[in-house]
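> need a 3D model of the sequence below.
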Amino acid sequence: MTLERAWKNHVAPVWGDREIFTIRRSEVQDWVSELATPKSSTVVIRALGVLAGILDVAIDDRRLATNPARQIRNLPRRWPGKRRVYLSHDQVATLAACSAHPTMVLTLAYTGLRWGEANALRVRAVNRLRKRFIIEENAVMIGYEIHIGTPKTHKSRSVPYPDRLASMIEQACAGKGPEGLLLGDGEHYMRNSSSQG
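Numbering: from 1, shown residues only. As a prediction, this is how the structure comes out:
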């Protein structure tokens, strides 16, 4: 849910017509408790954040002395995310041994790169001395075509790779120019069009 939707659906109907100096912490506490009954913790916390942010501006403008939407008790707890399962070193080695692209498998396993980031790596993005990748591009498959764009965050970053990958990365760079794909034989590795990234 966006902040705009949080305002429109949950904050404005209750607080939109109220003069800010009339809002009491006890009222905000009651509102949070009522909202928490049918709504998820994420919805409640976001809606409260919108109200609190507006009132923070009022404090900055010296229209309020304190923020009645801060220090609210008994906020609903966010559910923990799904349990993450990680492969052991032996499992990663087995997976790489079964793959037609072991260097890709090991790079994904030991660097945390997204598929599209690893797929777009060029030789110029490898700092072999420091054992780092410079992530500047992302290869996304749309239909059956690869499109090159910026990483998900739209910012470049430097990602280290471990010593165990160094010789494989050295081999992957061999005989390729700076613009050559590190992990492809002149073409990006394709994958199922239903999983893009």
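> right, and the helix or strand after the helix of greatest length in the chain?
Among the elements of type helix in the chain, defined by DSSP state H, the one spanning the most residues is helix 41-60. Scanning forward in sequence from helix 41-60 by DSSP states H and E, the next helix or strand is helix 89-98.
> okay, buried residues for that following helix please.
Of the residues in helix 89-98, 92-93, 96 count as buried by neighbour count, 16 or more other CB atoms under 10 Å. (Glycine included, C-beta is placed from N, CA and C.)
> re earlier: residues contacting the longest helix of the chain, please?
1, 3, 6-7, 9-11, 15, 20, 23, 28, 32, 35-36, 39, 64-70, 72, 75-79 (CB atoms under 8 Å, 6 or more residues apart in numbering).
> cool, and stretch 175-187?
Residues from elsewhere that reach stretch 175-187 (CB under 8 Å, 6+ apart): 101, 103-104, 107, 118-126, 169, 172-173, 188-189.
> and those, which are buried?
Going by neighbour count (16+ other CB under 10 Å), these have 103-104, 107, 118-123, 125-126, 169, 172-173, 188-189 buried.
> for this protein, list the residue farthest from the centre, please.
Going by CA atoms, centre = their mean, the residue of the chain most distant from its centre is T22, 38.9 Å out.
> what pLDDT does the model give that one?
Per-residue confidence for T22 comes out at a pLDDT of 94.
> how many neighbours does the spatially closest residue to D163 that is not a sequence neighbour have?
Counting by CB to CB, 6 or more residues apart in numbering, K131 is the residue found nearest to D163 once chain neighbours are left out, at 7.1 Å. Applying other CB atoms under 10 Å, we find 15 other residues in the vicinity of K131.
> where does the prediction get shaky in the chain?
Scanning the chain for pLDDT under 70 picks out 1, 78-82, 190-197.
> and it, what are its domains?
Split into domains by automatic domain parsing, the chain comes to 1-83, 89-173.
> mind putting those into a markdown table with distance to G180?
Shown next, in a markdown table, are the domains of the chain (distance: least, CB to CB, whole Å):
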| stretch | distance to G180 |
| --- | --- |
| domain 1-83 | 38 |
| domain 89-173 | 5 |
